[in-house]
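In: A predicted structure for the sequence below; I have some questions about it.
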Amino acid sequence: DFQMTQSPSSLSASVGDRVTITCRASQSISSSLNWYQQKPGKAPKLLISSSSNLQTGVPARFGGSGSGSDFTLTISSLQPEDFATYYCQQSYSIPWTFGQGTKVEI
Amino acid sequence: QVQLVESGGGLVKPGGSLRLSCAASGFSFGDYYMSWIRQAPGKGLEWVSYITSSGRSIYYADSVKGRFTISRDNANNSVSLQMHGLRAEDTAVYYCAREMSGNYATFDSWGLGTLVTVSS
């Protein structure tokens, strides 16, 4: 199985800060990496697919990059509504696996 | 708009069975692959099972293989998860999720989830 490791597990930041979350795969997954946002008590929401494709309706302050084993989710200017947990997920090979999550606190 | 509504969760004793259902609306259900994904209380996300649009191909996580069965009814726009031999570690919110068209294993729509609690 492909193990996905996110760092950090949590972070505290201020409104307007630039925030970076990293996701590392145990083996190369090409660009088969998705990012989700989950707010408390809610279902996950797809933010970015295939490493860098921003989903329709997702603010442009969110960006994704990377290929192979190392990936990054960047929030260029953190907003209060971005308080959430973020998960990466590899779509390269079954079983599809998620990172353990990164909790962003404002 | 796309809507996925799970039902069937509840409290069940270890070793018991439960059947979850997911009713889909707002899209052409029969054209999409579907998955079940779960989240234990306070924990991360775990993919559980997947079924192609026709139902011909099905996959399971090792943790549920042999105990869970996924199925779908395209005429009634629903996907189900039959769970047998439930264990305490199966306690979780179970989400029904749609695979994004043209994007393998990318889940673009999720239901609100249904809670399964396995406890004596």
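Out: Everything's here; your move.
In: CA atoms for contacts and neighbours, from now on please.
Out: Will do.
In: My guess is residue A:49 contacts residue A:33. True?
Out: Yes. Counting by C-alpha atoms under 8 Å, residue A:33 is a contact partner of residue A:49 at 6.3 Å.
In: Look at the two and report which has more neighbours.
Out: For residue A:49 and residue A:33, the more surrounded residue by other C-alpha atoms under 10 Å in any protein chain shown is residue A:33, and the numbers stand at 31 against 27.
In: give me every residue that touches the residue most central in space within chain B.
Out: By C-alpha atoms, centre = their mean, chain B has its centre lying nearest to residue B:36, at 2.7 Å. Residue B:36 makes contact with B:47, B:48, B:49, B:50, B:81, B:94, B:95, B:96, B:97, according to C-alpha atoms under 8 Å, 6 or more residues apart in numbering or on different chains.
In: Identify the residue spatially nearest to it, adjacent ones excluded.
Out: Once flanking residues are discounted, residue B:36 sits nearest to residue B:96: 4.7 Å by C-alpha to C-alpha, 6 or more residues apart in numbering or on different chains.
In: same check, this time on residue B:78
Out: The spatial neighbour of residue B:78 that comes closest, neighbours along the chain excluded (C-alpha to C-alpha, 6+ apart), is residue B:23 at 4.7 Å.
In: so the one you found makes contact with residue B:29?
Out: No. At 9.7 Å, residue B:23 and residue B:29 do not qualify as touching, with contact defined as C-alpha under 8 Å.
In: Show me whatever sits in contact with both of these two.
Out: When contacts are counted by C-alpha under 8 Å, 6+ apart, residue B:23 and residue B:29 have B:77, B:78 as shared neighbours.
In: Looking at the two now, which is surrounded by more residues?
Out: residue B:29 (22 against 18).
In: any idea how far the more buried one is from residue B:95?
Out: 16 Å (C-alpha to C-alpha, to the nearest Å).
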